[in-house]
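> Attaching a predicted model along with its sequence, questions to come.
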Amino acid sequence: MQSSLLSMPQQSSPEAVQYSPEVGPAPSYAPSSVELGDLKRILVRRRLLIFGIALLLALAALLYGLFTPALYSSVAEIIIDPQDLQVVNNDVNPSKVPPDGGITQVESQVAVVQSTGVLLRAIAATNLTEDPDFNGQGLVSRLLGGLLGSGSAETDNTAKTLDALRRRLAVKRADKVLVIDVIVTTKNAKTAAKVAQAIAEAYLADQAAARAQAATDASKSITARLDEQRKRVQQAENAVEAYKSANNMVMAAGNLVSDQELTEINTQLSAAQSRTAALKAQVDQLRRSGGAPDATSEAMRSSVISSLRAQEATLVDQVSQFGTELGPRHPSMIAAQQQLRDTRALIARELARIASAAETDYERALANQQALEAKVAGMKSKSLDTDQASVKLRELQRDLEAVRSVYATYLQRAQETREQVNVDSTNARIISDAMPALKKSWPPLLLLVFGAFFGGLGLGTGLALIAEYASPTVLSSGQMQSAIEAPVLAVLPGKSATRRRWWPFGSAAVPAAQKTDAVAGLALRRMFSSGRRPPNWPLVPSILVTSPTEDGAARGRVARLLANAAAARGSRVLFIDISAGNDQKEPQPGVLDVLRGEYAFQAVSRQQPGSNVALLGRGRPTAVFQEAQGVFYAQHMLAEARRNFELVIVDGGALIDNLNASPLVAMVDEILLVATLNSTPMRDVTATSQAISVMGRLPTGALLVDEAA
């Protein structure tokens, strides 16, 4: 029973049909980039290169670690407080903390620790110039020194030691801390500890010496100016005294005597004016009282008046009592009245005396005020002359005070700086002494080996990718579709995934090959479901399988897989192998003889017993046929084959080397390009596609073989 997939309408008289299949427009595919799976295929394919480089580098690192002399590192830690010890108020070395917390200052001290002065102190303290590891007195160094020559032996030895120490020294500061690590690496652990400790102590000594030197220089500079300032003070004092003597200006308690007298008299005058005003007011009041002076405040305050008023009141009471009891003519009454008159006369005389005294006091105060005013007026006229001279005097006195202030400041600062010479205000100390290392710091064998191995993996991966870029291969279906502008119908597993005996056709397949057969059958269905074949086409459905030259084995396997897949579904298949018979001295007649018109294909094809597949070999390539003739006989052969077969599969070989297949290329329905994933170079795929286009066709599909599946 014919397969529904491959059955076509019957046609007659093929010779009358002069028609060849048209090539429809090829579908467009977006350019494909390398994906993660493609990268995996590249690495798997070039794994020998990658692991070879990794192992080579690991071996080199192992040899280096085994034969390199061991090095030991010792660390001395110094903490530096940016705020120095405050010994005196005006320190020569300021102790203000910068805005960044002193980080910049400590970073500067890292450079100071590595300075030549500090290292020379450490070299002198540890006598490193006698150490062969530092002074360059090895055999090679002595030979080079003898050949090249050198300067002074002592200077050259110190310079070599200093240079060697710089190479073995590392000074670091951890992030966000004010601690400096002094690290020395040598071949001897004790030497490394000794040198690191010596450098730390040399740094502290250098800082103390630098601060002492700064204080000494400042003290010398200030002391040198003291004599000059002292002379300036003396000159200013002499100028003030000479001016006062020339202008007859006597000073007392820092002020002129004339100014003091004028101030005192002004004070007295103010008091006199106040008293005169008070007395004048009293006199005016007495004068306004007229006949009743007893109503004044002075009379009210007088004790005599008060006593007399009391007696008067008593006598008035007696007179009133006696007038009631004794009558006006009684002697007691008369005596009382006389006493009353006498008391009132005394009161009048006392009031007159008070008024007279007030007048006298007012006149005396007024006279005193006038005398003082006259004296002040005289002294003011004299003071005007003195004030003109005082202006210049005050200027001289201000100059004197300024010079005295500067001199006092210099004198105090000179004594402070002299004291600071012997005081170390550096707020730095060693918080961790250097100790001999118990383990070597270099070379770290395991770290070197693992680092070299993984670095080799990275280097090998990079070289593998570069090699792939220089000579790209088929990596994925998308890349293949982009290259040939045709769909990839399927991806078949390689030979390692199947265990099938490919010949003779129709043999039973083991279960491991069932997936491969299913993939091949699906590829056949996809090819003939595309609708490219015209309806009622008189030729048998046909597929030409081609590939680059190096993929011949994969191409032959794919062609047989397709033939087996069609035969397994009941279709009768004609299998044409153009590459068969190349190694025979006298090949049997085949397809080339049919294309030349010498044989009918029924006469040269061979039917396999028990199989739906008939074979047609390459034939005898002795004569060359014309292409038009070959196309005619190819069309005739495919039309005749339609009577007995539902499908023709042609193993067209590598078309770039096989131009004899061009008639079949022109007449087949499908041209299938076979390539091996991660193996077939893209340039060969492109060359094969171009060869097909030269023959007037384009690939209609591709089938990839994945040997790693």
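Good, I have the coordinates.
> Please count neighbours and contacts with C-alpha atoms only from this point.
Noted.
> ok, residue 644 - contacts?
residue 572 (C-alpha atoms under 8 Å, 6 or more residues apart in numbering).
> how about the helices in the stretch 101-250 of the chain?
Using DSSP state H, counting those that start in this stretch, the helices of the stretch 101-250 of the chain run over 103-113, 116-126, 132-135, 139-148, 153-168, 189-246.
> repeat for the stretch 551-700 of the chain
Using DSSP H, counting those that start in this stretch, helices in the stretch 551-700 of the chain cover 552-568, 591-595, 601-604, 627-641, 662-667, 682-694.
> pLDDT of the third one, averaged?
Looking at helix 601-604 alone, the average pLDDT works out to 82.
> Check which residues of that helix are buried.
Of all the residues in helix 601-604, those buried under the rule 16 or more other C-alpha atoms under 10 Å are 601, 604.
> what pairs with residue 648 across the strands?
residue 542, residue 574 (DSSP bridges).
> wait, doesn't it sit right on residue 542?
Yes - using C-alpha atoms under 8 Å as the test, residue 648 is close enough to residue 542 to be in contact (4.5 Å).
> List the residues that contact the residue nearest to residue 428 when sequence neighbours are not counted.
Using C-alpha to C-alpha, 6 or more residues apart in numbering and skipping the chain neighbours, the partner closest in space to residue 428 is residue 80 (4.5 Å). By C-alpha under 8 Å, 6+ apart, the contact list for residue 80 reads 106, 178, 179, 180, 427, 428, 429.
> what does residue 550 give?
residue 680.
> Just confirm it is within a strand.
No - secondary structure of residue 550 (DSSP: H, G, I helix; E, B strand; the rest coil): helix, not part of a strand.
> what's the pLDDT at it?
90.
> What of the one 4 residues further on?
Residue 554 is assigned a predicted lDDT (pLDDT) of 90.
> How about residue 622?
In this prediction residue 622 is given a pLDDT of 67.
> Next, the contact list for residue 191, please.
By C-alpha under 8 Å, 6+ apart, the neighbours of residue 191 are residue 436.
> Kindly recompute the last result at 10 Å.
The contact partners of residue 191, by C-alpha atoms under 10 Å, 6 or more residues apart in numbering, come to 72, 73, 74, 126, 128, 131, 133, 184, 185, 197, 435, 436.
> Can you show me the helices along the stretch 351-500 of the chain?
445-470, 477-484.
> can you put the ones you listed in TSV and add mean neighbour count and distance to residue 690?
Output for the helices of the stretch 351-500 of the chain, formatted as TSV (neighbours: other C-alpha atoms under 10 Å; distance: least, C-alpha to C-alpha, whole Å):
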stretch	mean neighbour count	distance to residue 690
helix 445-470	17	21
helix 477-484	21	9
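> nearest to residue 615, of the ones you listed?
Residue 615 lies closest, by C-alpha to C-alpha, to one member of the helices of the stretch 351-500 of the chain: helix 477-484, at 29.9 Å.
> so what does the closest one touch, helix or strand wise?
With contacts defined as 3 or more C-alpha pairs under 10 Å, 6 or more residues apart in numbering; DSSP states H and E, helix 477-484 has these neighbours: strand 488-493, strand 670-676, helix 682-694, strand 701-706.
> Nearest to residue 41, out of those?
With distances scored as C-alpha to C-alpha, the stretch of the helices and strands packed on helix 477-484 nearest to residue 41 is strand 701-706 (10.0 Å).
> so what strands line up beside that closest one?
Strand pairing for strand 701-706, using DSSP bridges, gives strand 488-493 (parallel), strand 670-676 (parallel).
> relative to helix 552-568, how tilted is the shortest one?
Okay, so that is strand 488-493. 100 degrees (axes from the mean of the first three to the mean of the last three C-alpha atoms, to 10 degrees).
> could you point out which element follows strand 488-493?
helix 514-528 (DSSP states H and E).
> which outside residues touch that following helix?
Helix 514-528 has contacts (C-alpha under 10 Å, 6+ apart) with 5-6, 487-495, 497-500, 509, 529, 533, 541-543, 558-566, 568-569, 669-672, 700-703.
> Reformat the helices of the stretch 351-500 of the chain as CSV; add mean pLDDT and distance to residue 59.
Putting the helices of the stretch 351-500 of the chain into CSV (pLDDT from 0 to 100; distance: least, C-alpha to C-alpha, whole Å) gives the following:
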stretch, mean pLDDT, distance to residue 59
helix 445-470, 90, 7
helix 477-484, 87, 39
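> Nearest to residue 206 among these would be which one?
helix 445-470 (39.1 Å).
> mind checking how far that closest one is from the chain centre?
What separates the centre of helix 445-470 from the centre of its chain is 29 Å, taken as C-alpha atoms, centre = their mean, to the nearest Å.
> Could you list every helix and strand that that helix packs against?
Checking 3+ C-alpha pairs under 10 Å, 6+ apart, helix 445-470 ends up next to helix 36-45, helix 47-67.
> Deepest in the core, which of these is it.
A comparison of the helices and strands packed on helix 445-470 by mean neighbour count, using mean count of other C-alpha atoms under 10 Å, puts helix 47-67 on top with a mean of 17.
> Let me see the mean pLDDT of it.
Helix 47-67 comes out at a mean pLDDT of 91.
> List the contacts of the residue lying closest to residue 403 once chain neighbours are set aside.
Spatial nearest neighbour of residue 403, chain neighbours left out: residue 233 (5.7 Å); criterion: C-alpha to C-alpha, 6+ apart. With contacts defined as C-alpha under 10 Å, 6+ apart, residue 233 is in contact with 227, 239, 399, 400, 401, 402, 403, 404, 405, 406, 407.
> What subset of these is buried?
399, 400, 403, 404, 407.
> Which ones among these lie within strands?
Using DSSP state E, no member of the buried ones among the contacts of residue 233 falls within strands.
> can you redo these as TSV with distance to residue 598 and pLDDT?
Converted to TSV, those look like this (distance: C-alpha to C-alpha, whole Å; pLDDT from 0 to 100):
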residue	distance to residue 598	pLDDT
399	139	88
400	141	84
403	136	87
404	138	87
407	134	85
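> Output the helices of the stretch 351-500 of the chain as TSV; include the columns distance to residue 608.
Shown next, in TSV, are the helices of the stretch 351-500 of the chain (distance: least, C-alpha to C-alpha, whole Å):
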stretch	distance to residue 608
helix 445-470	44
helix 477-484	35
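> about what we covered before: what touches both of residue 648 and residue 542?
Listed as contacting both residue 648 and residue 542 by C-alpha under 10 Å, 6+ apart are 573, 574, 575, 638, 668, 669.
> residue contacts, the first one?
The one in question is residue 573. Residues in contact with residue 573 (C-alpha under 10 Å, 6+ apart) are 6, 541-542, 562-567, 607, 611-615, 641, 644-649.
> In PyMOL, how would I select just the buried ones from these?
Entered in PyMOL, the line below selects the buried ones among the contacts of residue 573, by 16+ other C-alpha under 10 Å:
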select buried, resi 6+541+542+562+563+564+565+566+567+607+611+612+613+614+615+641+645+646+647+648+649
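> still on that earlier bit, and the residue nearest to residue 428, how far from residue 685?
71 Å (C-alpha to C-alpha, to the nearest Å).
> same question, residue 354
From residue 354 across to residue 685, the span is 151 Å (C-alpha to C-alpha).
> Residue 361 too?
Distance from residue 361 to residue 685, by C-alpha to C-alpha: 145 Å.
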